[in-house]
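Peer 1: build me a model from this:
(2 chains)
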Amino acid sequence: GAVVSQHPSWVICKSGTSVKIECRSLDFQATTMFWYRQFPKQSLMLMATSNEGSKATYEQGVEKDKFLINHASLTLSTLTVTSAHPEDSSFYICSAVPGLGVADTQYFGPGTRLTVL
Amino acid sequence: AQSVTQLGSHVSVSEGALVLLRCNYSSSVPPYLFWYVQYPNQGLQLLLKYTSAATLVKGINGFEAEFKKSETSFHLTKPSAHMSDAAEYFCAVSLYGGSQGNLIFGKGTKLSVKP
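Peer 2: This is a model prediction of the structure:
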């Protein structure tokens, strides 16, 4: 149980285009989903917290107009990288939390590798 | 503010040997602590978590970790390494549990297992 999927698993796009990444909780409902970014040989850095039905909360230094997050349902959150540039190339990972109890666990998706040419 | 320090960016052990991955945390209040494993080009998989119950936490794949408040440590161990354990391991801390607050990750430790 507690499976999170991401689509696509990898994507290559041209500079200036937009890319949408989907994060789905397959067997549970997630009121909260998180989006992380991971650069090569580095740890995960939280980009934003996505709550179903409300606006996402972005971490300091993350451009909300560039990284659009939509949490339209209890099983789906999307991250759209708008006007992508080569420096946006990274590994994007989402996580989802089943439930609201204290110490609930974040379950991570397999990640999406974005390469911007 | 919370922080996590993982000692050793790369640990190499022989198959069958003890695995010890070190994690020290800094937190002003009792934290929630997690160990995650990441295989190449994959997301993170939860190994185990400490939530203020038992100080010795057993996880999946034979891993366990012990919370030591006096040493502010949460080291990950496995008695006998297997080739399939080769991966990157991340220690993480949260004040409020995984759902309500940020997970602050350490920089990770890459485990290599030699035949």
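
Peer 1: going forward, measure contacts between C-alpha atoms and count neighbours the same way
Peer 2: Will do.

Peer 1: following element in sequence after the helix or strand of chain B with the lowest mean pLDDT, please.
Peer 2: Of all helical and strand segments in chain B, the minimum by mean pLDDT, DSSP states H and E falls on strand B:104-105, at a mean of 87. Counting by DSSP states H and E, the next helix or strand C-terminal to strand B:104-105 is strand B:109-114.

Peer 1: thinking again about what came up before, which strands border the least confident helix or strand of chain B, and is each parallel or antiparallel?
Peer 2: Partner strands and pairing direction for strand B:104-105 (DSSP bridges) are strand B:87-94 (antiparallel).

Peer 1: which residues does the spatially most central residue of chain A contact?
Peer 2: The residue lying closest to the centre of chain A (CA atoms, centre = their mean) is A:Trp35, at 3.5 Å. Neighbouring residues of A:Trp35 by CA atoms under 8 Å, 6 or more residues apart in numbering or on different chains: A:46-50, A:79, A:92-95.

Peer 1: which helix or strand contains the residue nearest to it when sequence neighbours are not counted?
Peer 2: Counting by CA to CA, 6 or more residues apart in numbering or on different chains, A:Cys94 is the residue found nearest to A:Trp35 once chain neighbours are left out, at 4.5 Å. Taking DSSP H and E as the criterion, A:Cys94 maps to strand A:90-97.

Peer 1: how about A:Val62?
Peer 2: Using DSSP H and E, no helix or strand contains A:Val62.

Peer 1: let me see the contact set for the residue nearest to it when sequence neighbours are not counted.
Peer 2: Nearest non-adjacent residue to A:Val62, counting by CA to CA, 6+ apart: A:Met47, 6.3 Å away. Neighbour list for A:Met47: A:34-37, A:58-59, A:62 [criterion: CA under 8 Å, 6+ apart].

Peer 1: just to revisit the earlier point, between the contacts of A:Trp35, which sits nearest chain B?
Peer 2: Checking the contacts of A:Trp35 against chain B with CA to the nearest CA, the nearest one is A:Ile93 at 6.5 Å.

Peer 1: how many neighbours does the nearest residue to the closest one once chain neighbours are set aside have?
Peer 2: Excluding the flanking residues, the one nearest A:Ile93 by CA to CA, 6+ apart is A:Gly111, at 4.3 Å. With neighbours defined by other CA atoms under 10 Å in any protein chain shown, the count for A:Gly111 comes to 29.

Peer 1: picking that back up, tell me the helix or strand right after the one helix or strand the residue nearest to the centre of chain A maps to.
Peer 2: Assessed by DSSP H and E, A:Trp35 sits inside strand A:32-38. Using DSSP H and E, the helix or strand that follows strand A:32-38 in sequence is strand A:44-51.
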